[in-house]
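build me a structure from this.
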Amino acid sequence: MLEFDDAQQQLAHGAAAPTRTTQVPLHEAAGLVLATDLAATLDLPPADNSAMDGYALRYEDYAAAAGEPPALPVQQIVYAGQAPAAQAPGQLTRLFTGSIMPAGADTVIMQEDTRAIADQGQGQSQSQTRIEILAEPKPGQHVRRRGEDVAAGQPLLAAGTRLDAAHIALLASQGLAEVTVHPAVRVGILTTGDELVTPGAPRTGHQIYNSNGVMLAALVNGMGARATHVLHARDDEASLKAALQTLTDECDLVLSVGGVSVGDKDLVKPALESLGATLALWKVRMKPGKPVAMAHVAGKPVVCLPGNPVSAYAVFTVLVTPLLRRMQGRRELFPQVSYLTLRTPKPRHDSREEFLRVQRVVNAGSVGELQVFDRQSSGVMSSLPWATGLARIPAGVPVYDGEKVAYYDFRHWQA
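So this is what the prediction gives:
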């Protein structure tokens, strides 16, 4: 059996990085991977503007104003999106959050720190009203300066970034309507087994519902790839060969589930060989998930996962996702692995690397501890929605309650 770290590296480099690119509208770019480095072409903000509703003034006018507290007349009202006149000495400009600062003004007084007063003997029209400044301002306060967020010419996003809503907002702020990305990786999924029935169809007592196909499709789509085909084949070599031929013709990556162990009905390996493939790896020293294999058909990777849904879920998380990230063109293939305290009622010890389904529990002031699901059989599917990640237990080394172990967080490893 191949050691886990070796298998992970081999799988991660089991395909070439993408070379194809395409232009997509910005609103369709979420989940896709940026194909080129991007630099800012605009300053953000593009002009000095107010961070508050209030009044703009020249700080020197506040310092020179007579009275305690000083009161100044309003020169103009400027709404966001309007161009102001230059600030006149000794006057205020009424503005709102996002309003452009008038030329010459350098400070904003919050509306809450002011009070409108009428000139004695005058009416209540705006031209006869002064604004009393109740709190001493600091020079330059509440002003967003041009380019203080992003300066034109500075790096914006690097190639290999998987785009999300935050990236798209930043690109839109630069006026971009479309972006150059790598096309979504097309993934074909093949489930096998005469015992499996499509959810929703009638089931006899000796059959079970097929959860692997929809599960893997959800995992694939959640990473920004596209599960374009989800096929099922019976346990005969002709059916398997036909399904594999379709998937390798029309997809970039194929994931098969089941049929790659050593049983009489494990026919995926001969079906692949009939298509000219040879296994690049087979069997990994891990639990769950030992019967893992990778082959190539016409240069396209085919990864064979164990048929048990829990095992397939774990193997996809820690072994398949680095390969998928490479095929997407991402900069980082391996998400972070943290080390947290394991809480287990009994020592953990196995001859294979064991990946326990755990839940990270955060107490006040702590980084979190890992609680182990009480049943770790690979047939316990209820552990999957409960778990937040996998705890890695080294092979051949007993791990006791309170020791720190590597933690593979689903939020990072399935993204």
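
rest of the way, CA atoms for contacts and neighbours
Will do.

wait, is L384 part of a helix?
Yes: using DSSP: H, G, I helix; E, B strand; the rest coil, the secondary structure at L384 is a helix.

separation between it and L356?
Here the distance between L384 and L356 works out to 11 Å (CA to CA, to the nearest Å).

these two - which one has more neighbours?
The neighbour comparison of L384 against L356 (other CA atoms under 10 Å) goes to L356, with 26 against 17.

so that one, which of the three states?
State at L356, reduced to three classes by three-state DSSP: strand.

need the three-state assignment for A312.
The local conformation at A312, judged by three-state DSSP, is helix.

how far off centre is stretch 132-149?
36 Å (CA atoms, centre = their mean, to the nearest Å).

flag every buried residue along it.
Residues of stretch 132-149 classed as buried under the neighbour-count rule (16 or more other CA atoms under 10 Å) are 132-134, 137, 140-146.

alpha carbons only: can I get that stretch in PDB?
Once side chains and other backbone atoms are set aside, the C-alpha atoms of stretch 132-149 remain, and they are given as PDB (Å, rounded to 0.1, in the frame of the first residue of the first chain):
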ATOM      1  CA  GLU A 132     -22.900  75.300  15.700                       C
ATOM      2  CA  ILE A 133     -19.900  72.900  16.000                       C
ATOM      3  CA  LEU A 134     -20.200  71.100  19.400                       C
ATOM      4  CA  ALA A 135     -17.100  68.900  19.400                       C
ATOM      5  CA  GLU A 136     -13.600  69.900  18.500                       C
ATOM      6  CA  PRO A 137     -12.600  68.100  15.300                       C
ATOM      7  CA  LYS A 138      -9.300  66.600  14.400                       C
ATOM      8  CA  PRO A 139      -7.700  67.700  11.200                       C
ATOM      9  CA  GLY A 140      -8.700  65.400   8.300                       C
ATOM     10  CA  GLN A 141     -11.200  63.400  10.300                       C
ATOM     11  CA  HIS A 142     -13.900  61.300   8.600                       C
ATOM     12  CA  VAL A 143     -12.500  61.800   5.100                       C
ATOM     13  CA  ARG A 144     -11.800  58.900   2.800                       C
ATOM     14  CA  ARG A 145      -8.800  59.900   0.800                       C
ATOM     15  CA  ARG A 146      -8.400  59.200  -2.900                       C
ATOM     16  CA  GLY A 147      -6.600  55.900  -3.400                       C
ATOM     17  CA  GLU A 148      -6.300  55.100   0.300                       C
ATOM     18  CA  ASP A 149      -8.000  51.700  -0.300                       C
END
